[in-house]
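In: One predicted model, sequence on top.
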Amino acid sequence: MELQKMNGHSRDDGFDAPDAMAEHEEFLPHKTGGKKEMHFTDFEGKTSFGMSIFNLSNAIMGSGILGLAFAMSNTGIILFIILLVCIAILSAYSIHLLLKSAGVVGIRAYEQLGNRAFGPPGKMLAACIITVHNIGAMSSYLFIVKSELPLVIQAFLSKHENTGEWFLNGNYLIIIVSALIILPLALMKQLGYLGYTSGFSLSCMVFFLISVIYKKFNITCPLEDDHHNMTSIADYHPVVNETDDFCEAKLLTVNSQTAYTIPILAFAFVCHPEVLPIYTELRDATKKRMQAVANVSIMAMFVMYLLTALFGYLTFYGAVESELLHTYSRVDPLDVMVLCVRLAVLVAVTLTVPVVLFPIRRALLQILFPDKPFRWAVHIGIAFCLISFVNVLVIFVPSIRDIFGLIGATSAPSLIFILPGTFYIRIVPEDQEPLLSRPKIQAACFAALGFIFMVMSLSFIIIDWVTGESRSGGAH
């Protein structure tokens, strides 16, 4: 659940000085008895291989998992699997580029790689992209609170429908949750202890997956036994309800919503700002060992994503919503198992928001107040403004699909494709790998591929908005 974003960051504040000391170093020094340079390998990591896999899996796992069944419904099973495999492989290659770049210059912070590659503008660009992406992550988490918490309260009150009371209004509820839970946690100087919730968060998502698989065999297609939903489904997905085979699995399909698939998948695999801090904490850290951590983590999340998307899609077919949990309320709003899943996911995402806020504040401090001592007024002010901004965003954005789509189409390709590729080209010395060497040509093609993904996805999403196609999502 991206709970390791702060891991090791508290020691990053002084990295400009180590950067200056490492400026003339091309390779990381091996363990010798000579004088010590301040590289990230000087920090002795204590995290085991298995726990590092656990941490990175939590960094990958996020709210994007709730949108994968929707993505499959708009691509078909075969195309979705092809795209999921491609994004997973490309994410692993992207981490390879990051680790190679960090190994050359001895830097463990994403922003500092940008500074080494392109100077202060590169540092600011990386910080801004991380900020935008994490604001998108915060928004997606609060959107889940907005759409799911009213249903949980409604179920506890044994209400079969929302009767309009203020405590069933998601907009009021996210403000209350933000003020009473998220803001106090975000005001703490050190949020490291919240990393302990990562295990609970991942457990929640495993429980979510088990529930999705179980429900596949207990729910028939909505058109077969829930006729009162036919109108809402038709309004919800007019582009796919053109034939009578609405409850049949599509192996390959394309419609106006297909444009959201790559951004949703990219959003679900972003973990790159956390890779270097986790690398730092790894015991007996080597590039090969950390790459193995990344490969195992990506494979584990690939399996989890695929099973969630497949069983979620095969439960609701064309009626699946962009936030999968919300779809179950159309079958039985008072289902105890779904209620337990909702509660677990709500607690997990609520505790995640202040942790995701931490690297945003750190990036803003680097941009706005570089080399300034800690001040409580700035610390509190940034947290309050960020939470207020995200609340306004979530209240006025009509659908979580728009958050997944827009953030996935901009910051995700930048963090996965464009920045690692360009950093690699700029940082790896030419005497080690010439500009026209195969690795650098591959990195350039990789960055170009990310740019193409970004332009295409944004173009299709803007066309979808302009033409006024169906507005899907949890905001009903």
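Out: On my side now, so go ahead. On a predicted model such as this, the values are computed, not experimentally measured, just so you know.
In: could you give the mean pLDDT of the strand or helix carrying Cys204?
Out: Using DSSP states H and E, Cys204 sits within helix 197-216. Averaging pLDDT along helix 197-216 yields 81.
In: Then stretch 146-155?
Out: 84.
In: With stretch 60-74 instead?
Out: Mean predicted lDDT for stretch 60-74 stands at 83.
In: That one: end-to-end distance?
Out: Length of stretch 60-74, first residue to last, CA to CA, to the nearest Å: 23 Å.
In: List the buried residues for the helix holding Cys204?
Out: 197-198, 201-202, 204-205, 207-209, 211-213, 215 (16 or more other CB atoms under 10 Å). Backbone N, C-alpha and C define where each C-beta goes, glycine included.
In: which other helices and strands contact it?
Out: helix 49-60, helix 287-316, helix 324-328, helix 336-368 (3 or more CB pairs under 8 Å, 6 or more residues apart in numbering; DSSP states H and E).
In: go with 7 Å
Out: If contacts are counted by 3 or more CB pairs under 7 Å, 6 or more residues apart in numbering; DSSP states H and E, helix 197-216 sits against helix 49-60, helix 287-316, helix 336-368.
In: For Phe417, which of those helices is the nearest?
Out: Proximity to Phe417 (CB to CB) singles out helix 287-316 among those, at 15.1 Å.
In: so where's the stretch 1-150 of the chain shaky on pLDDT?
Out: 1-45, 107-108 (pLDDT under 70).
In: try 90 this time
Out: For the stretch 1-150 of the chain, the stretches with pLDDT under 90 are 1-77, 87, 100-150.
In: before we move on, what about the stretch 151-300 of the chain?
Out: 151-172, 181-209, 211-212, 214-290.
In: Helices of that one, residue ranges please.
Out: For the stretch 151-300 of the chain, the helices defined by DSSP state H, counting those that start in this stretch occupy 170-177, 183-186, 197-216, 222-225, 230-236, 261-269, 272-281, 287-316.
In: CSV for those, including distance to Glu430?
Out: Output for the helices of the stretch 151-300 of the chain, formatted as CSV (distance: least, CB to CB, whole Å):
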stretch, distance to Glu430
helix 170-177, 51
helix 183-186, 44
helix 197-216, 40
helix 222-225, 60
helix 230-236, 55
helix 261-269, 31
helix 272-281, 23
helix 287-316, 20
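In: Just name the most buried of these.
Out: helix 261-269 (a mean of 28; mean count of other CB atoms under 10 Å).
In: List the contacts of it.
Out: Outside of helix 261-269, the residues within contact range by CB atoms under 7 Å, 6 or more residues apart in numbering are 60, 62, 64-65, 67-68, 71, 74-75, 83-84, 87-88, 91, 305, 404-405, 407-409, 412-413, 416, 453, 457.
In: Now go through those and say which are in helices.
Out: Within the contacts of helix 261-269, residues falling in helices by DSSP state H are 60, 68, 71, 83-84, 87-88, 91, 305, 404-405, 407-409, 412-413, 453, 457.
In: so which of the helices of the stretch 151-300 of the chain comes closest to Tyr328?
Out: helix 197-216 (6.9 Å).
In: CA atoms only: put that closest one into CSV for me.
Out: C-alpha atoms of helix 197-216 as CSV (Å, rounded to 0.1, in the frame of the first residue of the first chain):
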residue,chain,number,x,y,z
THR,A,197,0.8,-1.0,9.4
SER,A,198,2.2,-2.2,6.1
GLY,A,199,1.7,-5.8,7.2
PHE,A,200,-1.9,-5.2,8.1
SER,A,201,-2.5,-3.3,4.8
LEU,A,202,-1.1,-6.2,2.7
SER,A,203,-3.2,-8.6,4.7
CYS,A,204,-6.3,-6.6,4.0
MET,A,205,-5.6,-6.8,0.3
VAL,A,206,-5.0,-10.6,0.5
PHE,A,207,-8.3,-10.9,2.3
PHE,A,208,-9.9,-8.7,-0.4
LEU,A,209,-8.5,-11.1,-3.1
ILE,A,210,-9.8,-14.2,-1.2
SER,A,211,-13.2,-12.5,-1.0
VAL,A,212,-13.3,-11.6,-4.7
ILE,A,213,-12.5,-15.3,-5.6
TYR,A,214,-15.1,-16.6,-3.1
LYS,A,215,-17.8,-14.2,-4.4
LYS,A,216,-17.3,-15.2,-8.0
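In: what distance separates that helix from the centre of its chain?
Out: Relative to the chain's own centre, helix 197-216 is displaced by 17 Å; criterion: CA atoms, centre = their mean, to the nearest Å.
In: Taking helix 49-60 as reference, get the angle to it.
Out: On the basis of axes from the mean of the first three to the mean of the last three CA atoms, to 10 degrees, helix 197-216 is oriented at 70 degrees to helix 49-60.
In: the inter-axis angle of helix 197-216 versus helix 287-316?
Out: Taking the same axes, to 10 degrees, one finds helix 197-216 and helix 287-316 inclined to each other by 30 degrees.
In: Need the residues that contact helix 197-216.
Out: Counting by CB under 7 Å, 6+ apart, 1, 3-4, 55, 57-58, 61, 65, 304, 307-308, 311-312, 314-315, 328, 337-338, 341, 344-345, 348, 351-352 sit against helix 197-216.
In: can you state the direction angle for that helix and helix 336-368?
Out: 140 degrees.
In: And the helix or strand Ile129 falls within, what's buried?
Out: Assignment of secondary structure by DSSP H and E places Ile129 within helix 120-156. Going by neighbour count (16+ other CB under 10 Å), the buried part of helix 120-156 is 122-152, 154-155.
In: Quick one: list the elements packing against that helix.
Out: helix 110-118, helix 170-177, helix 324-328, helix 336-368, helix 376-396, helix 400-413.
In: Can I get those helices in a markdown table including distance to Ser256?
Out: Shown next, in a markdown table, are these (distance: least, CB to CB, whole Å):
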| stretch | distance to Ser256 |
| --- | --- |
| helix 110-118 | 35 |
| helix 170-177 | 26 |
| helix 324-328 | 20 |
| helix 336-368 | 29 |
| helix 376-396 | 23 |
| helix 400-413 | 12 |
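In: Name the stretch among these that sits most buried.
Out: Highest mean neighbour count of these: helix 400-413, a mean of 26 (counted as mean count of other CB under 10 Å).
In: How far off centre is that one?
Out: 10 Å.
In: Stretch 249-263 too?
Out: Remark: stretch 249-263 is offset 20 Å from the chain centroid, using CA atoms, centre = their mean.
In: Using CSV, list the CA coordinates for it.
Out: Provided in CSV are the C-alpha atoms of stretch 249-263 (Å, rounded to 0.1, in the frame of the first residue of the first chain):
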residue,chain,number,x,y,z
ALA,A,249,-16.6,-12.9,-20.9
LYS,A,250,-14.9,-11.0,-23.7
LEU,A,251,-11.5,-12.2,-24.8
LEU,A,252,-10.7,-9.1,-26.8
THR,A,253,-12.7,-5.9,-26.9
VAL,A,254,-12.1,-2.2,-27.5
ASN,A,255,-14.3,0.7,-26.5
SER,A,256,-14.0,4.4,-25.4
GLN,A,257,-12.9,3.3,-21.9
THR,A,258,-10.0,1.2,-23.2
ALA,A,259,-7.8,4.3,-23.1
TYR,A,260,-7.8,4.1,-19.3
THR,A,261,-6.3,0.6,-19.2
ILE,A,262,-2.6,1.4,-19.6
PRO,A,263,-2.7,4.3,-17.1
